[in-house]
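what's the 3D shape of this:
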Amino acid sequence: MITILISLLVFGVIIAIHEFGHFAVAKLCGIRVNKFAIGMGPVILKKQGRETEYSLRLFPVGGFCAMEGEDTESDDPRAFGNKSVLRRIAVVVAGAVMNLILGFLLIIITTVLYGDIITTTVSDFPYDAETGKSYSTSQSCGLMAEDTILSIDGMRILTDTDLSYKLQTNPSESMTVVVRRNGERVTLENVRFYNTATQGRLDFRVYAEKLSIGSVLRYSFLDTVSTGRLIGTSLKDLLTGKYSFQDLSGPVGIISTIGEAASYGETFRQHLTSVLSLASFITINVGIFNLLPLPALDGGRLVFLLVEAVRRKPVNPEHEGMVHFVGMALLLLLMVAVTFQDILGLIKK
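Predicted coordinates for the structure are as follows:
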């Protein structure tokens, strides 16, 4: 029950922030907003404002900000379709931007709660205390203490998030590693990361940096970029076949993962840090996914607006509406299929 409540709170905040982005920018651009809803399905709570109906709905898997003249023609001068293309673009991308900002803020909070910043600079290598023999394979391949890892197999390493991802997912046994050593860039070929004691790839330790306002802001910005880039990489891997449909996860799977995150650690602070870290990943994921050029998503609407900006003539609203309707139907079908798969997975467990 607690897991469900935490999940509802996480989903609710992420969706509310996204829709509030659309709502706030629409208001700033002088657009009439008829309805603002958090969640989908039957209405739980509803309040009529001066011009906007606010509602909370049963299923926290979406929401909407219904603007006048958004999908149909309207004579209202404050209608969405009667505003300039730039203003409409600002409204469309505002939801995703708010998700990215929320992710950035959550990373700041988790960094402060964690207590220090994990760097990508090697501090030392694990070894056998009795014999003094190193467990590290990368050390024998040329990696040294005080090296700052800049890239692995061409992927730039910005934060420990990149470092962990690359070590966990790189299929190659030997890698090309670029480090900064004594102020110079040094390229190490055929580096193997393998800890002979743990039989894992993490065969070195890194420094932890003390917190300061500057270091926290810098790390949080870079980690937001890293997280967003990993989401893009995962989408690419899905399209190229590296990952299959079975690797996708829907609301049920995410709730299960949130439950696992909430149970991580022994103290309340560790539980909170784990949940907020996962929430930052989810909200950045939502922001980037919504900007994909797919029908029914913000990115799909953005494509039509960019076409209008180039043609200096809007696409027929009926045609655009049909494209978005088909896109929404396909997305809902995908969500049902993924949710069914998640439920089967829980039953098997």
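
any idea which helix or strand of this structure has the worst average confidence?
For the chain, counting by mean pLDDT, DSSP states H and E, helix 251-262 ranks last in confidence among helices and strands (a mean of 68).

where exactly do the helices run in this protein?
Assigned by DSSP state H, the chain shows helices spanning 2-28, 85-114, 137-140, 160-169, 213-239, 251-262, 268-290, 298-311, 317-348.

so which of the ones you listed comes closest to Asp75?
helix 317-348 (13.7 Å; CB to CB). Any C-beta I mention is one placed from the backbone N, CA and C, and that applies to glycine too.

give me the average confidence score over the closest one.
What helix 317-348 shows for mean pLDDT is 72.

report the contact partners of Leu291.
Shown in contact with Leu291 (CB atoms under 8 Å, 6 or more residues apart in numbering): Val93, Ala96, Leu297, Asp298, Gly299, Leu302.

mind redoing it with 10 Å?
When contacts are counted by CB atoms under 10 Å, 6 or more residues apart in numbering, Leu291 touches Val92, Val93, Gly95, Ala96, Val97, Asn99, Leu100, Leu297, Asp298, Gly299, Gly300, Leu302.

and if you look at Glu68?
26, 31-34, 51, 74, 76-82.

show me which of those residues is closest to Gly132.
Distances from Gly132 to these, taken by CB to CB, are shortest for Ala26, at 66.1 Å.

what's near enough to touch the closest one?
Ala26 neighbours (CB under 10 Å, 6+ apart): 32-33, 36, 52, 65, 67-68, 70, 78, 80, 83, 87-88, 90-92, 94.

and it, how far from Gly95?
10 Å (CB to CB, to the nearest Å).

how about stretch 23-32: buried residues?
Phe23, Ala24, Val25, Ala26, Lys27, Cys29, Ile31, Arg32 (16 or more other CB atoms under 10 Å).

can you measure across it, start residue to end residue?
Its start and end residues considered, stretch 23-32 measures 9 Å (CA to CA, to the nearest Å).

about what we covered before: among the contacts of Glu68, which pair sits farthest apart?
Among the contacts of Glu68, Glu51 and Gly81 lie farthest apart (CB to CB), at 17.4 Å.

shouldn't Arg32 be in contact with Ala79?
Yes: Arg32 is in contact with Ala79 according to CB atoms under 10 Å; the separation is 6.7 Å.

which neighbours do the two have in common?
Joint contacts of Arg32 and Ala79 (CB under 10 Å, 6+ apart) are Met67, Glu68, Gly69, Glu70.

so what's Leu217 closest to, chain neighbours aside?
Ile108 (7.3 Å; CB to CB, 6 or more residues apart in numbering).

burial of that neighbour, as a residue count?
Look at Ile108: counted by other CB atoms under 10 Å, it has 19 neighbours.

relative to Ile6, how far out is it?
For Ile108, the distance to Ile6 equals 20 Å [CB to CB].

check Thr187 too.
Taking CB to CB, one finds Thr187 at 45 Å from Ile6.

these two: who's more crowded?
Ile6 (18 against 12).

residue contacts, the more buried one?
So Ile6 contacts Ile255, Ile258, Gly259, Ala261, Ala262, His271, Val275, Ala279 (CB under 10 Å, 6+ apart).

rerun at 6 Å
By CB atoms under 6 Å, 6 or more residues apart in numbering, Ile6 lies in contact with Ile258, Ala262.

and the pLDDT for it?
At Ile6, pLDDT is 80.

separation between it and Arg57?
19 Å.

swap in Leu202?
45 Å.

ok, Leu211 next?
40 Å.

looking at those two, which is more packed in?
Arg57 (19 against 15).

bridging residues for that one?
Beta-bridge pairing for Arg57 (DSSP bridges): Val43.

wait, doesn't it sit right on Leu45?
No: assessed by CB atoms under 6 Å, Arg57 is found out of contact with Leu45, at 8.8 Å.

and the closest residue to Glu320 other than its chain neighbours, how far from Asp153?
Of all residues not flanking Glu320 in the chain, Phe304 sits nearest, at 5.3 Å (CB to CB, 6+ apart). Phe304 sits 38 Å away from Asp153, going by CB to CB.

now Phe20
From Phe20 to Asp153 the distance is 40 Å (CB to CB).

so between those two, which is more surrounded?
Neighbours per residue, other CB under 10 Å: of Phe20 and Asp153, the larger number sits with Phe20, 17 against 14.

who's in contact with that one?
Phe20 makes contact with no residue, according to CB under 6 Å, 6+ apart.

same thing but at 7 Å, please
Met98 (CB atoms under 7 Å, 6 or more residues apart in numbering).

and stretch 31-47, how far out from the chain's middle?
How far stretch 31-47 lies from its chain's middle: 25 Å, per CA atoms, centre = their mean, to the nearest Å.
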